[in-house]
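S.K.: Give me a 3D structure for the following:
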Amino acid sequence: MHNKFDQFIGIFENAATAEDCNKIIKHFDNVQDLNLTVKRTKFENINSTLKNNNINYQCIKSMAELEKNIDGSLSIKKLILE
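M.R.: Predicted coordinates:
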């Protein structure tokens, strides 16, 4: 597993499949369309010109060790980056 940090941002290669990544992005876009998200600048009560709000979505391949929760759902126990 290869990971790196750039300006306090962790980059974990292969953390999710491209299909899973695209599902997450689509879900976020749908929630945003319903106005159920809060922009960082509003949450932090700061002028948007003082923050860089560019978001870079990038899908990468990875593996994860899963564990079953009490309710039967699965969660990531450990990311495997090779």
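
S.K.: how far away is His27 from Asp71?
M.R.: Distance of His27 to Asp71, computed by CB to CB, to the nearest Å: 20 Å. For every residue, glycine as well, the C-beta is placed using N, CA and C.

S.K.: higher neighbour count, the two?
M.R.: His27 (10 against 5; other CB atoms under 10 Å).

S.K.: hey, where'd the strands end up in the protein?
M.R.: Along the chain, the stretches classed as strands by DSSP state E are 3-6, 9-12, 63-68, 74-80.

S.K.: If we go by neighbour counts, what in stretch 19-31 is buried?
M.R.: Within stretch 19-31, the residues that count as buried by 16 or more other CB atoms under 10 Å are Cys21.

S.K.: could you dump the strands of the chain to a markdown table with distance to Lys39, mean pLDDT and mean neighbour count?
M.R.: Putting the strands of the chain into a markdown table (distance: least, CB to CB, whole Å; pLDDT from 0 to 100; neighbours: other CB atoms under 10 Å) gives the following:
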| stretch | distance to Lys39 | mean pLDDT | mean neighbour count |
| --- | --- | --- | --- |
| strand 3-6 | 23 | 76 | 10 |
| strand 9-12 | 18 | 78 | 11 |
| strand 63-68 | 29 | 84 | 12 |
| strand 74-80 | 27 | 81 | 11 |
